[in-house]
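Enquirer: quick one, fold the following:
(one chain, ligands or ions: 1)
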Amino acid sequence: MKVGITCYPTYGGSGAVATELGLELAHRGHEVHFVSYAQPFRLTSFRPGVFFHEVEMMPYPLFEYPPYSLALAVALHRVTLDHALDLLHVHYAVPHATSAWVAREMLRADGGDVKIITTLHGTDITLVGQDPSFEPITRFSIERSDGLTAVSEHLKQRTLDAFGCDGRRIQVVPNFIDPSRYDRENTPCHRGDLVRAGERLVMHISNFRKVKRVDDVVRVFARIQARVPSRLVLIGDGPERATAVQVAEQEGVTDRTMFLGKLESVAELLSCADLFLLPSEEESFGLVALEAQASGVPVVGSAGSGLDEVLEGGVTGWLHPVGDVEAMAASGIRVLDDADLWIRTSNAARERAAGRFAADRIVPLYEAFYEEVMAGGGGRTRGTDAGAPGANGTLEPGAEPGRGEAG
Ligand code: GMT
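Expert: Now for the predicted structure:
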């Protein structure tokens, strides 16, 4: 199949998932064309069957807000025509689903066509997409997609609650990892550069938006390090960094806190972490928590959103109510203090990540969904939608493609 993929190229989960998916698809023989305003941050080297098309924007003094959505629509239209794409798979609804719809309207005006699949990732539904300035067009655009996927049951439900989606079926396809990239034993680790002998390494990775509650990361760490000699390593950057620095000062842990900035290759750092903190307000999935688990790192985070589907509470990590820094710290101290518990949790985390969320199991679910959409399905909810296992729009990881809803 020839697939166009549009995503945000910047540091973040949706761009990471879109890029890894494109690379996996190319590996399986598909031709993949990325279309975005910059090279996605995980698309770093040549891969056969993978192409990147930069969206060109004409600078013009009249534009205080250059119309990127239109330029993207033009690029999607052009790339679809030039490379005879079968489908456009856009990640993050705002504004990508709208640009894809415009591109398809332009194609149809000339007798052409292309299928559109939109993958909902998180704040495109839970935050940005619901803002009154975007809500009607988010609803319109996702309803015009030929297929919709969401990265968790939690996000699917949030989408139905917020947008109703007029009976459209939303296929849940969880995020995935390549287990061989997160091999704790064999990955070179920089532990000696990050902590001293006898200290434990606590880690957080994100784009430091408010939703990530990076201030809580620092508060939880401060309580942990009062009991267990440890250091906090923060990877990423964003608007809440200044707050995190301030809270570290207030809590008296500045000298035990290190900000490493936006690093692309997180596997080698995760492989030397002892604990991962993700106390977000909400996570539709929490890809980074999956990456941490794949690296054998116990995770402590917030309950009540998509993280519940990624972690097995009490087995691969611990989830507590949003903002409950005391409970999160208590779980962190417990697992760092108890070597047997740490080993059990670390092994369980690795097994869960490699067992349920391996690329080999999840990517075929996308391929099956592509086939279904190309065959004209993927849109309306079917009569079988309620009740039967796997008939609620979810393909269980490991389900045989073609046998579940998508078949
Ligand atoms: O929706 C966002 O907040 C942006 C997005 C990103 O690019 O960072 O993150 C979301 O998509 C990821 C990949 O599917 C998920 O793992 C994250 O949980 C999700 N973020 C939120 O829901 C806050």
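Enquirer: check contacts around whichever residue of the stretch 301-407 of the chain sits closest to the ligand.
Expert: For the stretch 301-407 of the chain and the ligand, the shortest gap (C-beta to the nearest ligand atom) falls at Gly306, measuring 5.8 Å. Every C-beta, even on glycine, is put in place using the N, C-alpha and C of the backbone. The neighbours of Gly306, taking C-beta atoms under 8 Å, 6 or more residues apart in numbering as the test, are 122, 151-155, 282-286.
Enquirer: at 7 Å what do you get?
Expert: Going by C-beta atoms under 7 Å, 6 or more residues apart in numbering, Gly306 touches 152, 154-155, 283-286.
Enquirer: one more: Val266?
Expert: Contacts of Val266 by C-beta under 7 Å, 6+ apart are 205, 235, 291.
Enquirer: state the distance from it to Phe208.
Expert: 15 Å (C-beta to C-beta, to the nearest Å).
Enquirer: widest-spaced pair of the contacts of Gly306?
Expert: Farthest apart among the contacts of Gly306 by C-beta to C-beta are Leu155 and Gly286. That separation is 11.1 Å.
Enquirer: so which elements touch the helix or strand hosting Ile205?
Expert: Taking DSSP states H and E as the definition, Ile205 sits inside strand 200-206. Contact partners of strand 200-206 among helices and strands, from 3 or more C-beta pairs under 7 Å, 6 or more residues apart in numbering; DSSP states H and E: helix 214-227, strand 230-236, strand 275-278.
Enquirer: run the chain-centre distance for that strand.
Expert: Distance, stretch centre to chain centre, for strand 200-206: 18 Å (C-alpha atoms, centre = their mean, to the nearest Å).
Enquirer: what pairs with it, parallel or antiparallel?
Expert: Here strand 200-206 has these sheet partners by DSSP bridges: strand 230-236 (parallel), strand 275-278 (parallel).
Enquirer: which bits of this protein sit near the ligand?
Expert: Within reach of the ligand by C-beta under 6 Å from any ligand atom, the chain has these residues: 8, 12-15, 17, 121-124, 151, 175, 207, 211, 282-287, 306.
Enquirer: wait, isn't Val172 in contact with Lys156?
Expert: Yes: judged on C-beta atoms under 7 Å, Val172 makes contact with Lys156 at a distance of 5.3 Å.
Enquirer: which residues does the strand holding Ile205 contact?
Expert: 191, 194-195, 212, 214, 217, 221, 224, 228-236, 266, 269-270, 272-277, 288, 336.
Enquirer: cutoff 6 Å now
Expert: Applying C-beta atoms under 6 Å, 6 or more residues apart in numbering, the set of residues contacting strand 200-206 from outside is 194-195, 212, 217, 221, 228, 230, 232-236, 266, 273-277, 288, 336.
Enquirer: quick one, what contacts Ala150?
Expert: Applying C-beta under 6 Å, 6+ apart, the residues near Ala150 are 120, 156, 170, 172.
Enquirer: over to Glu64?
Expert: Per C-beta under 6 Å, 6+ apart, neighbours of Glu64: none.
Enquirer: narrow the residues of the chain next to the ligand to those in helices?
Expert: Secondary structure defined by DSSP state H assigns 13-15, 17, 123-124, 287 of these to helices.
Enquirer: mind picking the lowest-pLDDT entry from those residues?
Expert: Here the lowest pLDDT out of those sits on Gly13, with 91.
Enquirer: of the contacts of Ala150, closest to the ligand?
Expert: Closest to the ligand, out of all of these and judged by C-beta to the nearest ligand atom, is Leu120, at 8.5 Å.
Enquirer: Ala303 versus that closest one, what's the distance?
Expert: In terms of C-beta to C-beta, Leu120 sits 21 Å off from Ala303.
Enquirer: with Pro9 instead?
Expert: For Pro9, the distance to Ala303 - C-beta to C-beta - is 32 Å.
Enquirer: more crowded one of the two?
Expert: Pro9 (21 against 15; other C-beta atoms under 10 Å).
Enquirer: what's that one in contact with, if anything?
Expert: 15, 36, 38, 40.
Enquirer: could I get those residues as JSON lines with neighbour count?
Expert: Listed next are these as JSON lines, based on neighbours: other C-beta atoms under 10 Å:
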{"residue": "Gly15", "neighbour count": "22"}
{"residue": "Ser36", "neighbour count": "25"}
{"residue": "Ala38", "neighbour count": "13"}
{"residue": "Pro40", "neighbour count": "22"}
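Enquirer: buried stuff in the one helix or strand Leu21 maps to?
Expert: Taking DSSP H and E as the definition, Leu21 sits inside helix 13-27. Residues 13-26 are the ones in helix 13-27 that count as buried (16 or more other C-beta atoms under 10 Å).
Enquirer: what do you get for stretch 251-262?
Expert: 251, 253, 256-257, 260.
Enquirer: nearest to the ligand, of those?
Expert: Closest to the ligand, out of all of the buried residues of stretch 251-262 and judged by C-beta to the nearest ligand atom, is Leu260, at 17.9 Å.
Enquirer: show me what contacts the closest one?
Expert: Here Leu260 is in contact with Ile235 (C-beta under 6 Å, 6+ apart).
Enquirer: and with 10 Å instead?
Expert: By C-beta atoms under 10 Å, 6 or more residues apart in numbering, the contact set of Leu260 is 190, 194, 203, 205, 233-237, 266, 269.
Enquirer: quick one: buried ones out of the residues you listed?
Expert: Applying 16+ other C-beta under 10 Å to the contacts of Leu260 flags 194, 203, 205, 233-237, 266, 269 as buried.
Enquirer: dump these to a markdown table, plus distance to Val114 and pLDDT.
Expert: A markdown table is the format used below for these (distance: C-beta to C-beta, whole Å; pLDDT from 0 to 100):
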| residue | distance to Val114 | pLDDT |
| --- | --- | --- |
| Leu194 | 47 | 94 |
| Met203 | 41 | 98 |
| Ile205 | 35 | 97 |
| Val233 | 44 | 98 |
| Leu234 | 41 | 98 |
| Ile235 | 37 | 96 |
| Gly236 | 35 | 95 |
| Asp237 | 36 | 95 |
| Val266 | 34 | 88 |
| Leu269 | 40 | 93 |
